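Q: Please work out how this folds:
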Amino acid sequence: MMHRILACLILPMSLGAVADQKALENRAASGDAEAQYQLAEAYFWGDGRKQDLMKAAKLARASAEQGNAKGEYRFAVQLLLGQGMESNNENDKKGFEWLAKASEGLQKLADQGDHDAQHKLAMLYLLGLTKGEEDNPYNIDGKKAVDLVRKAANGGNVSSQFQLSLIYRVGLTGKPSNEKSIEWLRKAADNGSVYAAYGLWMMFRHSRGELVKLEEAEPYLKSAAKQGLATAQHQYGVALGEGLLGGIGQKAGIEWVKKAAEQGLSPAQLILGITLSSDKILDQDLEGSFVWLSLASNGQSRKVRADAKKFLTRIRNQIDPADQLDLQQQAKKFKPKESLVTRNFHLGLQGAGSDITVPMRVDLLTDLAHKGNVAAMGILGEVYRGSGKIKESLDWFERAAKKENKDACAMLAQIYIYGVRGRLEPDFVQGIKWLRKAAELGHVRSMNKLGGFIIKGEVNGSKPSEGVKWVTKAARNGHAPAQANLGGMYIIGDLIEQDFSKAKEWLLKAASQSYPRAQSYLGQYYREGREKGKPNFEEAIKYYRLAARQGNGPAQFALGMMHMDGNGVKQSFKVGYKWLKISRRHGMEGIDARLAECAKELNPIEIGRAVDEAKQFRAQNYYHPNGAAKVEPIDKSDIETLQFKADRGDTDAQFHLAQRYAAGDGVGLDSVQAYKWYLLAEKSGHDKAKGARRDMAKSLGMTIAQRSKGQRLAKEFEPKD
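A: Alright, predicted model coming up:
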């Protein structure tokens with residue numbers, strides 16, 4: 001979803017740098033394919049000449065027919081969207097053909113450092129409109145798109161600079177950064193992007209001046225409004241009316257709001273309609289109010305529509321019914337007077353929206369699926385499932401499954417076993433049929449799931465021993481949940497012969513993948529003395545901590561009890577109370593008696609501190625099935641990544657951030673910050689944090705005041721969500 005949103009915000013490249021337009025026209029007329037493309041872009045976006053989509057299409061076609069990849073892209077887009085071209089099935093077919101040619105050529109140009117090509121290719125990757133590999137066709141590839149956008153932005157492409165600001169804002173790179181987002185917004189705005197200028201104002205608005213100050217944001221907003229951007233005109237008018245830009249200027253503000261309303265912006269139409277319904281700012285004009293409110297009542301925003309209808313109801317009885325019919329006709333005949341910059345925002349693929357671009361991708365996948373591509377069938381099943389079209393989803397999944405696609409079989413199993421609320425009732429028998437098929441084809445999760453259903457006696461005609469075989473097969477294929485299940489079976493010994501050595505072997509395999517349930521089982525294994533006949537509390541604490549940090553409720557509860565009893569750790573009822581509270585938040589029930597027992601050993605201040613520390617806890621996910629996700633070791637991460645993760649409660653990130661502050665590595669040496677982050681890591685269960693904190697305080701000669709400040713900062717810490 002986010003990829004589609006970002007794609008809709010990629011903006012056209014400016015050609016204002018083309019100095020000699022006449023020379024460009026002469027080169028285009030003489031058959032220069034690149035000149036024809038550049039002139040097509042100029043006509044398409046109205047850059048340096050009057051906008052003319054038909055001329056743009058004619059020039060783009062001429063360029064495309066000579067093999068210019070950027071010309072192919074422009075011509076393809078105009079064919080597909082009916083912009084300057086007639087919209088029909090034949091043009092759609094031609095458009096897809098040209099787009100396929102364009103994607104290949106754009107890749108070559110992008111590899112050669114053409115920033116315009118990089119920008120356009122990024123668009124196709126974000127929308128999933130490049131054919132790609134046979135086993136993963138028309139994939140939405142955010143990583144490739146980001147890489148291309150970054151290259152183009154660094155090369156001076158203004159649209160990509162704006163795009164990169166959005167990427168950093170939403171975290172498509174993996175780590176949202178308002179600072180980086182603002183940095184690229186400034187670059188794009190200073191290089192002429194009206195949309196980036198408006199974006200800086202909105203950063204001011206959303207952050208209430210924390211990220212961008214008013215004195216910086218105001219000139220950008222005013223510039224965007226004067227250039228005709230409807231949303232900027234609306235915001236500028238509102239800001240003037242609020243007195244945000246100096247004295248109260250409601251009349252001047254309404255004039256700017258009116259400009260936006262005349263461009264068809266429904267929030268501005270709502271404000272204008274409400275304003276005209278009284279004489280507080282302008283002379284009352286009930287008929288004008290009725291027209292503007294009628295227009296706003298058909299806007300895209302649900303809230304705007306509702307508010308407009310509410311105000312329409314209030315003024316209806318003040319207008320003659322016959323006049324209302326005439327006014328409704330006026331509203332129907334209204335045609336927005338869009339400025340170039342407002343109109344351009346809705347042009348091309350970037351303005352098409354997901355309601356157009358998603359069906360385009362579906363058409364491409366469908367064509368490929370009808371040619372026998374199994375991967376395309378499975379992707380279509382996913383696309384239709386995501387849009388709630390279960391009948392179509394099942395149809396495509398079944399086509400792929402009949403060609404022995406294990407992933408499609410597994411998805412059919414899930415849909416039939418659990419059903420789809422309001423759309424499909426569960427069909428367990430049908431689901432098990434597909435689950436067995438997926439397992440037989442080698443789908444390891446299905447092996448484990450099938451084994452579980454059989455062991456629980458839910459599959460007629462199957463014995464528990466068959467279930468054990470399926471779980472074992474999944475475990476041998478590296479599936480951590482199956483390995484944990486098998487380890488548990490060897491401990492209990494009711495389905496297979498009890499064998500603590502084999503139990504430990506399988507649990508360690510799963511725990512090595514950071515699977516929390518296996519870590520919790522190992523904690524229990526050592527705590528109950530399954531090895532050598534006596535408890536090993538130190539090992540138990542180690543594994544319970546690992547599982548607890550990932551949100552495993554039983555491990556958190558056990559950790560709390562071991563702190564209460566002083567088993568493997570120094571006895572601490574406060575720490576015990578904290579972990580018991582955390583465990584209840586993660587699903588542990590029936591622990592009130594234990595909490596009450598622990599509370600008897602604490603005073604109200606200690607209980608309050610324990611509760612505060614429990615609130616600071618945020619579970620982290622370190623489990624990645626079968627090593628599918630390559631994760632950079634946290635100790636190798638850059639400061640920005642460490643800070644982002646530490647702020648969100650990642651225990652390892654907090655520990656390594658403390659180390660950086662203690663050593664002045666990538667940041668200024670700051671013992672107080674180091675103390676704070678060590679303390680937070682310690683409270684979240686990091687086994688090395690306490691010792692590191694003490695050693696650091698001693699080696700850096702921290703004063704009592706410095707330690708107290710670090711403690712205060714840790715206490716005041718509130719994890720970000």
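
Q: wait, doesn't residue 158 sit right on residue 190?
A: No. Using CB atoms under 8 Å, residue 158 is not in contact with residue 190; the gap is 9.5 Å. Where C-beta positions appear, they are placed from N, C-alpha and C, glycine not excepted.

Q: Give the residue from those two that has the larger number of neighbours.
A: Neighbour count, other CB atoms under 10 Å: between residue 158 and residue 190, residue 158 has more, with 25 against 13.

Q: Check what pLDDT that one gets.
A: Residue-level confidence at residue 158 comes out at 95, pLDDT.

Q: Nearest spatial neighbour of it, chain-adjacent residues omitted?
A: Counting by CB to CB, 6 or more residues apart in numbering, residue 158 lies nearest to residue 191, which is 4.6 Å off, once chain neighbours are set aside.

Q: Just the strands from the stretch 301-450 of the chain, written as ranges.
A: Counting by DSSP state E, counting those that start in this stretch, no segments of the stretch 301-450 of the chain form strands.

Q: Could you list the low-confidence segments of it?
A: Within the stretch 301-450 of the chain, no range satisfies pLDDT under 70.

Q: Spell out the residue ranges of the helices in it.
A: For the stretch 301-450 of the chain, the helices defined by DSSP state H, counting those that start in this stretch occupy 302-316, 321-333, 340-344, 348-352, 354-370, 374-386, 390-402, 406-418, 428-440, 444-455.

Q: What about the residue lying closest to residue 715 once chain neighbours are set aside, how many residues nearby?
A: In space, and not counting its chain neighbours, residue 715 is closest to residue 612: 6.8 Å by CB to CB, 6+ apart. Residues within reach of residue 612, counting by other CB under 10 Å, total 15.

Q: and the helix or strand hosting residue 612, which residues are buried?
A: Assigned by DSSP states H and E, residue 612 belongs to helix 604-616. Across helix 604-616, burial judged by 16 or more other CB atoms under 10 Å covers 607, 610, 613, 614, 616.

Q: Alpha carbons of whichever helix or strand comes after it, in CSV - could you do that?
A: Per DSSP H and E, helix 604-616 leads on to helix 639-647 as the next helix or strand towards the C-terminus. Presented in CSV, the C-alpha positions along helix 639-647 are these (Å, rounded to 0.1, in the frame of the first residue of the first chain):
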residue,chain,number,x,y,z
ILE,A,639,24.0,5.9,14.8
GLU,A,640,20.7,6.9,13.2
THR,A,641,19.5,3.3,13.1
LEU,A,642,20.6,2.6,16.7
GLN,A,643,18.8,5.8,17.9
PHE,A,644,15.6,4.9,16.0
LYS,A,645,15.5,1.4,17.4
ALA,A,646,16.6,2.4,20.9
ASP,A,647,13.8,5.0,21.0
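
Q: What's the mean pLDDT across the helix or strand following helix 639-647?
A: Once helix 639-647 ends, the next helix or strand along the chain (criterion: DSSP H and E) is helix 651-663. The predicted model assigns helix 651-663 a mean pLDDT of 87.

Q: Then stretch 260-279?
A: 95.

Q: Straight-line length of it, end to end?
A: End-to-end span of stretch 260-279 (CA to CA, to the nearest Å): 21 Å.

Q: buried sites along it?
A: Counting neighbours by 16+ other CB under 10 Å, stretch 260-279 gives 260-277 as buried.

Q: Now intersect those with the helices, please.
A: 260-262, 266-276 (DSSP state H).

Q: Now for those: which two are most distant?
A: Spanning the widest gap among those are 262 and 274, at 16.3 Å by CB to CB.

Q: domain assignment for this structure?
A: 2-200, 230-338, 636-716 (automatic domain parsing).

Q: ok now the second one, how far from the chain's centre?
A: Going by CA atoms, centre = their mean, to the nearest Å, the spacing between the C-alpha centre of domain 230-338 and its chain's C-alpha centre is 35 Å.

Q: okay, now residue 666: neighbour count?
A: Neighbours around residue 666, by other CB under 10 Å: 12.

Q: if we can go back for a sec, which one of the buried residues of helix 604-616 is nearest residue 647?
A: residue 616 (11.4 Å).

Q: ok, of the buried residues of helix 604-616, which one's closest to residue 211?
A: Among these, and counting by CB to CB, the member closest to residue 211 is residue 616, at 24.6 Å.

Q: per-residue confidence at the closest one?
A: According to the model, residue 616 carries a pLDDT of 85.

Q: doesn't residue 717 make contact with it?
A: Yes. Counting by CB under 8 Å, residue 616 touches residue 717, with 6.0 Å between them.

Q: Identify the contacts common to those two.
A: By CB atoms under 8 Å, 6 or more residues apart in numbering, residue 616 and residue 717 have these common neighbours: residue 680.

Q: So what's the residue count around the residue lying closest to residue 385 once chain neighbours are set aside?
A: Nearest residue to residue 385, sequence neighbours excluded (CB to CB, 6+ apart): residue 393, at 4.0 Å. Residue 393 has 24 neighbouring residues, counting by other CB under 10 Å.

Q: Next, the contact list for residue 393, please.
A: Applying CB under 8 Å, 6+ apart, the residues near residue 393 are 381, 382, 384, 385, 415.

Q: residues contacting residue 70?
A: Per CB under 8 Å, 6+ apart, neighbours of residue 70: 37, 63, 102, 105, 106, 109, 116, 117, 120.

Q: related to what we said a few turns ago, looking at neighbours, which among the contacts of residue 393 is most surrounded?
A: Counting by other CB under 10 Å, top hit in the contacts of residue 393: residue 381 with 27 neighbours.

Q: That residue contacts residue 405, correct?
A: No. Between residue 381 and residue 405 there is no contact under CB under 8 Å: 9.6 Å.

Q: Look at residue 280 and tell me its secondary structure.
A: Following DSSP: H, G, I helix; E, B strand; the rest coil, residue 280 is assigned to coil.

Q: Please tell me how far it sits from residue 523.
A: Counting by CB to CB, to the nearest Å, the separation of residue 280 from residue 523 is 68 Å.

Q: out of the two, which sits in the more crowded spot?
A: residue 523 (30 against 9).

Q: which residues does the more buried one contact?
A: Counting by CB under 8 Å, 6+ apart, residue 523 has contacts 540, 541, 542, 543, 544, 547, 555, 558.
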